[in-house]
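> sequence first, predicted coordinates after that:
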Amino acid sequence: MDIQMLLKELEYLDEVVRKATRFLEDAPEGGLWIQRHENHIDFVRSTDGKYLSKKRDMQLIRTLAQKSYERKALRTAMEQKEVIERFLSGYRPTAFSDIVENWLPERSSLIARHGDFHMSQDEIAVEVVKKSEDEVDLARNLIGICEAFLEAKAKKP
């Protein structure tokens, strides 16, 4: 897991929040309604219902359209930040090593560990095969004991 990538994303989202907030603080009142007609489009300011002219009011039209975008971008950035922060607060990079932390060395030596990387089943098999003959014999004995226990348990009514 590339935590640095998530931290960079948080920085980016913080910047989006700052820029959107700054824009919205200075934005004009109201929003923009767009009405499509057969042969033209009307732009209407939501605060007073005033029709805006594409020739005279194009800057205001663009600013009100941008305001709508910035409002949604701010909401989206806040939501994404919350998701990443929630993930990071529960993420444990040492989760796999924590599994065997209190195990006896004899048990730990029988397994191929998943560390900060992910192994395929073939890679795990190669790691297990690399273990010494004694470890393999011990593993076989443990498997035999488990099988005998399961068989005895299955025979009991």
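Structure received.
> how about the secondary structure of residue 34?
Classification of residue 34 using DSSP: H, G, I helix; E, B strand; the rest coil returns strand.
> can we start the residue count at 20 from this point?
Understood, numbering begins at 20; the last thing we discussed is residue 53.
> just checking, it touches residue 65?
No - between residue 53 and residue 65 no contact is recorded; they are 10.7 Å apart, counting by C-beta atoms under 8 Å. Quick note: C-beta positions are derived from backbone N, CA and C, even for glycine.
> show the contacting residues for residue 63.
Contact analysis of residue 63 by C-beta atoms under 8 Å, 6 or more residues apart in numbering lists 51-54, 69-71.
> can you pull the domain assignment for this structure?
The chain breaks down into these domains under automatic domain parsing: 22-109, 114-174.
> can you tell me which of these is most buried?
Across the domains of the chain, averaging neighbours per residue (mean count of other C-beta atoms under 10 Å) puts domain 22-109 on top, at a mean of 13.
> quick one: average pLDDT of that one?
Mean pLDDT, domain 22-109: 95.
> output stretch 69-78 as PDB, nothing but the C-alphas.
The C-alpha coordinates for stretch 69-78 follow below in PDB (Å, rounded to 0.1, in the frame of the first residue of the first chain):
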ATOM      1  CA  LYS A  69     -33.300  38.300 -14.100                       C
ATOM      2  CA  TYR A  70     -32.400  37.200 -17.600                       C
ATOM      3  CA  LEU A  71     -28.700  37.600 -18.400                       C
ATOM      4  CA  SER A  72     -27.400  38.700 -21.800                       C
ATOM      5  CA  LYS A  73     -24.700  36.600 -23.300                       C
ATOM      6  CA  LYS A  74     -23.200  39.800 -24.700                       C
ATOM      7  CA  ARG A  75     -23.400  42.000 -21.600                       C
ATOM      8  CA  ASP A  76     -23.300  39.500 -18.800                       C
ATOM      9  CA  MET A  77     -21.000  36.700 -20.100                       C
ATOM     10  CA  GLN A  78     -18.500  37.200 -17.200                       C
END
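> quickly note the distance from the residue nearest the centre of the chain to residue 88.
Nearest to the geometric centre of the chain sits residue 103, at 5.6 Å (C-alpha atoms, centre = their mean). In this view, residue 103 and residue 88 are 22 Å apart by C-beta to C-beta, to the nearest Å.
> perfect, that will be all.
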